[in-house]
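**Q** Pasting a predicted model and its sequence here:
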Amino acid sequence: MLNRSLTLKLWLLAIVLAKALPINSPAYGQIIKPIPQQPEFFQERMRQQQEERTQQTQEQLKETWLRQNLQQPRQQQQQQQEFTRQRQELIRQQQFRLQQQETRLQQQQFTRQQQLRIQDQQLRQDQQIRQQQQFRLQEQRQQQELRQQKENL
């Protein structure tokens with residue numbers, strides 16, 4: 001029962017308010033309609049946000065420009081130094097390889113000269129041996145001839 005009387009009182013209050021407030025009154029508009037956001041306030045807020053984004057973008061562009069124009073020469077210098085260092089290292093390695101090749105060639109030449117000397121020495125020894133053998137053969141022939149002559153006499 002209490003709920004019924006409370007509900008009835010609320011309905012009566014709503015009817016009285018609806019009759020008491022004319023439709024054109026600002027109070028009626030505030031009750032019936034939600035409070036609209038003022039378009040100027042909304043537009044102003046959007047404009048401020050857009051300005052903030054624009055400012056952030058400009059600052060980022062400035063930072064990028066500064067980084068590129070201030071750090072880029074430093075980076076280029078570092079890259080150039082690194083390139084120079086690598087090039088010098090490559091030249092050093094090439095020189096080292098050339099020295100190794102030259103050393104190998106010298107060793108090969110020395111070995112070849114030694115082989116030639118040994119061959120030459122062997123040839124001389126062979127010649128001497130042949131000469132000695134020929135000399136012995138001649139001596140043997142001469143001795144044989146002498147023996148034959150002695151026998152023939």
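**A** Alright, I've got the coordinates.

**Q** Select the longest helix from the protein.
**A** Counting residues, the longest helix in the chain under DSSP state H turns out to be helix 72-152.

**Q** give me the number of residues near residue 45?
**A** Using other CB atoms under 10 Å, residue 45 has 11 neighbouring residues. C-betas here are computed from N, CA, C, even on glycine.

**Q** buried sites along stretch 61-74?
**A** Buried residues in stretch 61-74, counting neighbours by 16 or more other CB atoms under 10 Å, are absent.

**Q** List the contacts of it.
**A** Residues from elsewhere that reach stretch 61-74 (CB atoms under 8 Å, 6 or more residues apart in numbering): none.

**Q** please redo it, this time with the cut-off set to 10 Å
**A** Residues outside stretch 61-74 that contact it (CB atoms under 10 Å, 6 or more residues apart in numbering): 75, 78, 79.

**Q** What is the burial count for the last one?
**A** This means residue 79. Per other CB under 10 Å, the neighbour tally for residue 79 reads 11.

**Q** Now the strand or helix carrying residue 6: average pLDDT?
**A** Per DSSP states H and E: residue 6 is located in helix 2-20. For helix 2-20, mean pLDDT rounds to 71.

**Q** quick one: low-confidence ranges for the chain?
**A** Within the chain, the segments meeting pLDDT under 70 span 1-2, 13, 16-39, 71-72.
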